[in-house]
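# Any chance you can model this:
(one chain, ligands or ions: 1)
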Amino acid sequence: TGTPLPHLKAPDSTLSLLREGYDFISRRCDRLGTDGFRTRLMLRPVTCLRGPRAARAFYAPGRMTRRGAMPGGVLALLQDKGSVQGLDDAAHRHRRGLFLGLMTPEGLDRARDLLREEWQAAGMGGREIVLAEEIGPILTRTALRWCGIELEDAAPRLRHEEFEAMIGGAALIGPGHWRARLLRRRSEAWAREVIRIARAGTAPPHSPLARLARHRDPSGLALPRDVAAVELLNLLRPIVAVGRFIVFSAHAMVTQPEVFAALPDTPRALEWWGDEVRRLYPFFPAIGGRVRERFDFEGQGFAPGDWVLLDLHGTDTDPGAWPDPLRFDPMRHAQARNAFAFVPQGAGPMESGHRCPGEALTAALLAEATALLHASRPEAPPQDLRIARNRVPAAPVSGMRLRLQEPPP
Ligand code: HEM
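Residues are numbered from 1 along each chain as shown. Purely as a prediction, here's the structure:
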């Protein structure tokens, strides 16, 4: 536009952000007719941005650091000092390679196989279930086994309680948040012990756990045990979080059965379905960055240290980037799409930058679960299917009550 981004009139927008949740940034962009605006959050000046042009600017290589870029509480629950998100440049690329190295075709297939086993072992057929309650334990067991951790030694129920608390507590302020922090500490103590035992040589060879335990930083040193433990949680916890997308997939399936029925009967179509779930349903709202190098965007100058929030969900549903953006239409992913308009897990190249390295694993698990759901011909009794958009992370009010049929043998 050439004119600097507008300043909101309100002195601080924290309460509006809490009230409006996923819609806070995009509503104001729509109203102002801009790709962003400036305001204060928790009294700190911030520039909020939305849309593919903003995503491209935000994800330009080396431009932003994640250090000092998220509110403190979120940081304490979802990442940690010394972990991959807090690193930059060569050290970051090296650590990131550890995660990317797990996303091989064999690794993804194994994750799908384990999910199918655990899904079937959970015995959900023939009774009414609340999917949001069933899926977490299934994914916790899948994640532990995928990493190479014996279920007998891992107390999966405690681990599930901890991971849910970290995922759900990230955006809470108050007692819920403190409970999540306590559980996080318990989880870290467990993970340090897992690393210690793995280093004594008992991890299955080539398992993610063994690789993490053996990983060396660029100077050849093993990771400190607490850092390795945090990275183990950075692997396990988000796998459990995929359950949120699986619940949304069920929501789409029962609210728009005709869309599912019209899909071509191919594995690709299941991925398009999953992509549309990831695009349209609210999960990860926005990502924070702090500017490292001076740049201009739409006539606005940015200086080192400036705080920027990129609206991921708002970009995924940007009316300027997507025709009929709120329509659930998996087939839109059958065509080439603007890579900076589809950003549910960040954007930019995989090898460097901070884009989620677990995206392929997320897509694989979501496609597998969607196939399993469909095969069990879900029926949804009357229930509250609304999704409150001011609760982060969002979920259907009912948790998705379903009646599933036993899968055919
Ligand atoms: C980073 C979303 C699943 C591991 C991220 C980021 C987002 C995200 C938005 C930050 C991108 C940025 O800073 O620019 C999600 C969502 C998931 C998911 C919505 C769905 C459940 C996973 C999975 C893994 C994973 C399954 C496991 C491998 C990570 C790691 C980072 C990350 C290690 C930090 C990467 C870095 O800083 O270089 N994720 N993610 N995520 N994610 Fe995911």
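# Which helix or strand contains A191?
Assigned by DSSP states H and E, A191 falls within helix 175-197.
# Quick one: neighbours of the closest residue to the ligand within the stretch 301-409 of the chain, just the number.
Of all residues in the stretch 301-409 of the chain, G358 sits closest to the ligand, at 2.2 Å by C-beta to the nearest ligand atom. Where you see a C-beta, it was placed from the backbone N, CA and C, and this is true even at glycine. Neighbour count of G358, defined by other C-beta atoms under 10 Å: 21.
# now swap in the one 10 residues further on and tell me
The number of residues packed around E368, counting by other C-beta under 10 Å, is 23.
# ok, now P357?
By other C-beta under 10 Å, neighbour count at P357 equals 23.
# Tell me the secondary structure at it.
coil (DSSP: H, G, I helix; E, B strand; the rest coil).
# my guess is it meets G101, correct?
No: using C-beta atoms under 8 Å, P357 is not in contact with G101; the gap is 9.4 Å.
# How about whatever residue of the stretch 101-250 of the chain ends up closest to the ligand: what's its closest non-neighbour residue?
Shortest the stretch 101-250 of the chain-to-the ligand distance, computed as C-beta to the nearest ligand atom: residue-wise this is P238, at 3.3 Å. The shortest distance from P238 to any residue other than its chain neighbours is 5.5 Å, reached at G358 (C-beta to C-beta, 6 or more residues apart in numbering).
# pLDDT wise, what is that neighbour at?
pLDDT recorded at G358 is 98.
# Bridged to G289, which residues?
V308 (DSSP bridges).
# In this structure the residue of the stretch 301-409 of the chain closest to the ligand contacts R237, no?
No: taking contacts as C-beta under 8 Å, G358 lies outside contact range of R237: 10.4 Å.
# hey, where'd the strands end up in this protein?
Assigned strands in the chain, in chain order: 36-41, 44-50, 64-65, 128-130, 286-291, 295-297, 300-302, 307-311, 401-403 (criterion: DSSP state E).
# Measure how buried the residue lying closest to G320 once chain neighbours are set aside is and give me the count.
In this structure, G320 finds its nearest non-sequential neighbour in G51, 6.1 Å apart by C-beta to C-beta, 6+ apart. Neighbour count of G51, defined by other C-beta under 10 Å: 25.
# can you start the count at 524 instead of 1 from here on
I'll keep to 524 as the first residue from here, and by that count the last item is G574.
# What count of nearby residues applies to A859?
Neighbour count of A859, defined by other C-beta under 10 Å: 6.
# mind checking pLDDT for it?
92.
# which residues touch it?
For A859, no contacting residues are found, by C-beta atoms under 8 Å, 6 or more residues apart in numbering.
# One more: L732?
Taking C-beta under 8 Å, 6+ apart, one finds C670, G671, I672, V717, A721, A726, L755 in contact with L732.
# at 6 Å what do you get?
Going by C-beta atoms under 6 Å, 6 or more residues apart in numbering, L732 touches C670, G671, I672, A721, A726.
# cool, and P848?
P848 touches T840, P842, counting by C-beta under 6 Å, 6+ apart.
# Same check on R576?
D558.
# For it, give its distance to the ligand.
17 Å (C-beta to the nearest ligand atom, to the nearest Å).
# Since that was my last question, I'll sign off now.
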